[in-house]
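A.B. asks: Build the 3D model from these lines:
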Amino acid sequence: MDVVLSICLCFLLRALSASSADGPPEPRDVHFYSESLRNVVRWTAGHGSPSDTIYTVEYAIYGDADEKIPEQVRWRPVDQCISVSQTECDVSQETFDLRDEYFARVRATSKHGQSVWSESIARFRPLSDTVLGAPLVDVTVRQNHIDITLKGPFRWRMKRMKKEKSLWKIIPNMIYKVSVFNSRSNRTDVFRLTNGSLSLGELEFSTQFCVVAQAQSESIPLSYIPSQKQCVHTPKGTAIITFISPRSIPVLSLSHPTGLISVSDMTGRGNL
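C.D. replies: The predicted structure is shown next:
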């Protein structure tokens, strides 16, 4: 009887091993990516994954223990991330609370079986791990003056949010850095703003000015995405010396191979 039992167990283990080997390879490099608090889990398909491979994502909150196994976190399903074919999934809704820290895991499934779960390594902290998206920039010309208006970036809009919310109201000590390039003088002026407006003038006539802006936090070292460059031309007229609004206080000048870069500080309040 013992011999028969041993043989049966041997065949059972071989069958289980074969089933596992026939399943798709486990996903690789599971991690979070966040831009303006749009939080996404991304991963790479395992080497040699079958074409019919689909994926399921689960998430966990740091410190939320499993009731049955207190030493482990409690994994929760993500409804929109069950049996998906793409290699990323939006979990902004599940990771909405900025006070929590999160993990993710992904499992691959094909007609041959399932892979083991592949977990993210680092804890995801939305407030300190997100990338600041580009602000909205509007540039208008009034004769030889330029008015620059900035808004946002805004938090990624979700179902639970009744209206969009600027990250200025979420992330502390936000500022704008605005770069203005003067094609005539080959000079770039950089302004630090604590509000969303900047007026420059009187400026040279018949000159192109190009503006790029980015949002930054002075207390959290977040990565950021600059705005697209916007260029405008002042109308034809008599050329004059460039004059910067008296509200700007130069704080730094740097030499640059393509011209002079100056950094100015501007303070004030405005709607962001």
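
A.B. asks: Which strand residues bridge the residue nearest in space to the middle of the chain?
C.D. replies: With distances taken as Cα atoms, centre = their mean, E35 lies nearest the centre of the chain, 1.8 Å away. Applying DSSP bridges to E35 gives these bridge partners: R38, V131.

A.B. asks: and it, what does it touch?
C.D. replies: By Cβ atoms under 8 Å, 6 or more residues apart in numbering, the residues touching E35 are T130, V131, G133, W156, I225. C-beta here means a position set from N, CA and C on the backbone, and glycine is covered the same way.

A.B. asks: so which one among the residues you listed has the lowest pLDDT?
C.D. replies: Within the contacts of E35, W156 has the lowest pLDDT, namely 87.

A.B. asks: Wait, that residue touches R38, no?
C.D. replies: Yes: the criterion here is Cβ atoms under 8 Å, and W156 meets it with R38 at 3.4 Å.

A.B. asks: Now for the contacts of E35: which two are most distant?
C.D. replies: Greatest spatial distance in the contacts of E35: W156 and I225, 13.5 Å, computed using Cβ to Cβ.

A.B. asks: So for those two, which sits in the more crowded spot?
C.D. replies: Legend: neighbour count by other Cβ atoms under 10 Å for W156 and I225, higher for W156 (22 against 15).

A.B. asks: Count residues in the vicinity of H31, would you?
C.D. replies: Neighbours of H31 (other Cβ under 10 Å): 14.

A.B. asks: go on, C231?
C.D. replies: There are 12 residues near C231, going by other Cβ under 10 Å.

A.B. asks: how far away is it from T44?
C.D. replies: C231 sits 39 Å away from T44, going by Cβ to Cβ, to the nearest Å.

A.B. asks: Check P24 too.
C.D. replies: 13 Å.

A.B. asks: For S128, give me phi and psi.
C.D. replies: When read as degrees, to the nearest 10, the backbone of S128 gives phi -100, psi -10.

A.B. asks: right, and it touches I220 too?
C.D. replies: Yes: assessed by Cβ under 8 Å, S128 is found in contact with I220 at 5.7 Å.

A.B. asks: quick one: contacts for Q86?
C.D. replies: Y55.

A.B. asks: give me the element it is part of.
C.D. replies: Here Q86, judged by DSSP states H and E, is contained in no helix and no strand.

A.B. asks: In contact with E88, which residues?
C.D. replies: Y33, V40, V41, R42, W43.

A.B. asks: Selecting buried members of these in ChimeraX, what would you type?
C.D. replies: Burial among these is assessed by 16 or more other Cβ atoms under 10 Å; the matching ChimeraX selection reads:
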select :40,41,42,43
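
A.B. asks: any chance of the contacts of E88 in CSV, plus pLDDT, distance to L203 and secondary structure?
C.D. replies: Shown next, in CSV, are those (pLDDT from 0 to 100; distance: Cβ to Cβ, whole Å; DSSP: H, G, I helix; E, B strand; the rest coil):
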residue, pLDDT, distance to L203, secondary structure
Y33, 98, 40, strand
V40, 98, 42, strand
V41, 99, 48, strand
R42, 98, 45, strand
W43, 98, 50, strand
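
A.B. asks: List the contacts of the closest residue to C231 other than its chain neighbours.
C.D. replies: Distance criterion Cβ to Cβ, 6 or more residues apart in numbering; nearest residue to C231, sequence neighbours excluded, is C210 at 4.2 Å. By Cβ under 8 Å, 6+ apart, the contact set of C210 is V180, F181, S183, K229, Q230, C231.

A.B. asks: in the stretch 1-150 of the chain, which spans are strands?
C.D. replies: Using DSSP state E, counting those that start in this stretch, the strands of the stretch 1-150 of the chain run over 28-35, 38-44, 54-61, 76-77, 88-90, 102-110, 113-114, 118-119, 136-142, 145-151.
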